[in-house]
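> what would the 3D arrangement of this be:
(one chain, ligands or ions: 1)
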Amino acid sequence: MSRLIYVINGPDPDLLGTSQPEVHGRETLADVERDCRALAKTLDLEVVFHQSNLEGGMIDFIHDARAKARGVIINAGGYSHTSIGIHDALKILDVPIIEVHISNIHQREEFRHNSYISRVASGVIIGCGTQGYQLGLQRLARLLGNDRT
Ligand code: DHK
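Next up is the predicted model:
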């Protein structure tokens, strides 16, 4: 059976490493993808990275995940705090969802404190830097029944 994990990123993660490095660190999304690929192999998982700056683009990736993925890791960037459309698309997925925020959104502006995605996520990883994506993968491996994690 497929062990495919969709890693879906919204706006800003595409600028990782260059936009606000003091908040999001210096690693690029390509670095994150490389590290996740290496980790996924050890967990007997496969990862596919998707990124869109558009809400509808992200929703398309989520719909696509319904037929293909065993789990989803999502950092919806600013849409986390605004998008009922992304919330609704995630809500009808029947695979585990891990929400990642690189920064600690609770130490930042008040408008970042609510995430619509947290309401439908199995787990939420906040403020662990780009390592959060790897932690998300480890969690999904556990949820999918890999005893090595
Ligand atoms: C990334 C963003 O682009 C922000 O809009 C979110 C999130 C936080 C992050 O920390 O990964 O508020």
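> and the residue of the chain closest to the ligand?
Going by CB to the nearest ligand atom, the ligand is nearest to Asp12 of the chain, at 3.0 Å. Glycine gets a C-beta too; all of them are placed from N, C-alpha and C.
> the protein: helices as residue ranges?
When secondary structure is read from DSSP state H, the chain shows helices at 21-24, 29-42, 55-68, 84-91, 131-143.
> just the residues contacting the shortest one, thanks.
Under the criterion CB atoms under 8 Å, 6 or more residues apart in numbering, residues 12, 16-17, 102-103, 108, 130 lie in contact with helix 21-24.
> again, only using 10 Å
Counting by CB atoms under 10 Å, 6 or more residues apart in numbering, helix 21-24 makes contact with 12-13, 15-18, 27, 101-104, 107-108, 129-130, all of which sit outside it.
> tell me the mean pLDDT for it?
If you average the pLDDT over helix 21-24, you get 81.
> in the protein, where is pLDDT below threshold?
Low-confidence regions of the chain, defined by pLDDT under 70, span residues 1, 146-149.
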